[in-house]
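J.: return atomic coordinates for the entry below.
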Amino acid sequence: MDEIAKDEVRAQVREQYGAVARSKTSASYSPGCCMPGPEASAKLGYSEEERSAVPEGANMGLGCGNPTAIAALKVGETVLDLGAGGGFDCFLAARQVGPSGRVIGVDMTPDMVSKARVNAAKLGANNVEFRLGEIENLPLANGTVDVILSNCVINLSPDKQAVFRDAWRVLKPGGRLAISDVVAIADIPDELRAKALALTGCVAGAVRANEVEQHLRELGFLDIRVTVREESRCFIRDWLPGSGAENYVASATIEATKPGNIKPCCGPACCAPEATT
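T.: Numbers count the residues shown, from 1 in each chain. Below you'll find the predicted structure:
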C-alpha cells in the first residue's frame, strides 16, 4: 500500500470515529464502530465498578477487550494508550498508577481528543493527558513509557509494522505491551475487505496472529503472547450483522516485553539489544 492509499484509509477512519465522537447518544453509534455502544462493555470484561468509575461519554463501547486487565499496572508507571478515544482505558489506568504515575492517550481524531479532554476535566484526572497524533508516528520522546495499552485500534492502521516499530521506540527498556485487538482467524473474503464500513469496523484490516508475532519478534520483543479469544465471535457478530464477520476475525490479547538490556536510543541504529559475550 503506497502512502496515498494509507492516507485515504486514515481519512476514512478519522471521519467514522469523528462522527462517533460528535454523536450525543449511544443509539447513534454505528455498529461498524467495533461495538454497538457502551452497554456492551460488560461483554468485553469490564466490571460494573470499572464502568461506573468514568464520566458519562468516556465509555464509548468501541473496544474488543479490556487491556487494563492484562497490563498488571504498578503505582508510578507511565502508560500510553494508542487510540485513546473518549479516554475510558486511560482513566482506568490512571487509578492503578496513582498520582505518582502518568497516563498519555494518543488519538488521530481531533473530536476524540477534545471529548477525552472534557472527560478528564469532569473526572479531575490530573495525571492523564491527551495528545493528537498518529499511532505510527507517536508524539512522544524515545524510551519514556513503561506500558503501552491499545483497544481494537492497531487493526485500523494501514501500516501495522510502523505502529509496533514506534511502540518499541517510545518504550523504556523492560517496557511492555498490553493490547486488545482483532486478528484474522480465516482468509477474509475480498467483498468483506472492500467494504469501507468493514474497514472502520475492525474487520478488513485484521491480520493473522502469526503475522503480529512476526512483527514483534523482528523488532526484538520477548515473551510474545497472542491469545485468541474464541468466545469473542459472539459479540463480533453484532459489528456487521449478516456479513459473517465472526467467521473471519476474533478478539485477541497481545502481550510482549522490550528487553531490559537496550542502550539509550540515539537513532535507529542503536535501538537494538546489546550484543552479549
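
J.: what ranges do the strands span in the protein?
T.: Using DSSP state E, the strands of the chain run over 78-82, 102-107, 128-132, 145-151, 171-184, 222-229, 249-257.

J.: where does pLDDT dip in the stretch 51-200 of the chain?
T.: By pLDDT under 70, the low-scoring segments of the stretch 51-200 of the chain are 196-199.

J.: and with 90 instead?
T.: Low-confidence regions of the stretch 51-200 of the chain, defined by pLDDT under 90, span residues 51-64, 158, 190-200.

J.: tabulate the strands of the chain (a markdown table), appending mean neighbour count and distance to C90.
T.: For every residue, glycine as well, the C-beta is placed using N, CA and C. Formatted as a markdown table, those follow (neighbours: other Cβ atoms under 10 Å; distance: least, Cβ to Cβ, whole Å):
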| stretch | mean neighbour count | distance to C90 |
| --- | --- | --- |
| strand 78-82 | 26 | 5 |
| strand 102-107 | 26 | 4 |
| strand 128-132 | 19 | 5 |
| strand 145-151 | 25 | 8 |
| strand 171-184 | 23 | 13 |
| strand 222-229 | 15 | 23 |
| strand 249-257 | 23 | 18 |
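
J.: middle-most residue in the protein, spatially?
T.: S150 (2.4 Å; Cα atoms, centre = their mean).

J.: so that one touches V79, yeah?
T.: No: judged on Cβ atoms under 8 Å, S150 makes no contact with V79 at a distance of 11.1 Å.

J.: check which helices and strands the top helix by length along the chain is in contact with.
T.: Using DSSP state H, we find that the single longest helix of the chain is helix 3-22. Helix 3-22 makes packing contacts with helix 110-123, helix 196-200 when contacts are defined by 3 or more Cβ pairs under 8 Å, 6 or more residues apart in numbering; DSSP states H and E.

J.: among the ones you listed, which is nearest D187?
T.: helix 196-200 (14.2 Å; Cβ to Cβ).

J.: spit out the contact partners of the nearest residue to V75 once chain neighbours are set aside.
T.: Sequence neighbours aside, G98 is the residue nearest to V75 in space, at 4.5 Å (criterion: Cβ to Cβ, 6 or more residues apart in numbering). Contact analysis of G98 by Cβ atoms under 8 Å, 6 or more residues apart in numbering lists 75-76, 127.

J.: buried among these? Make that a ChimeraX selection.
T.: To isolate the buried members of these in ChimeraX, using 16 or more other Cβ atoms under 10 Å:
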select :127
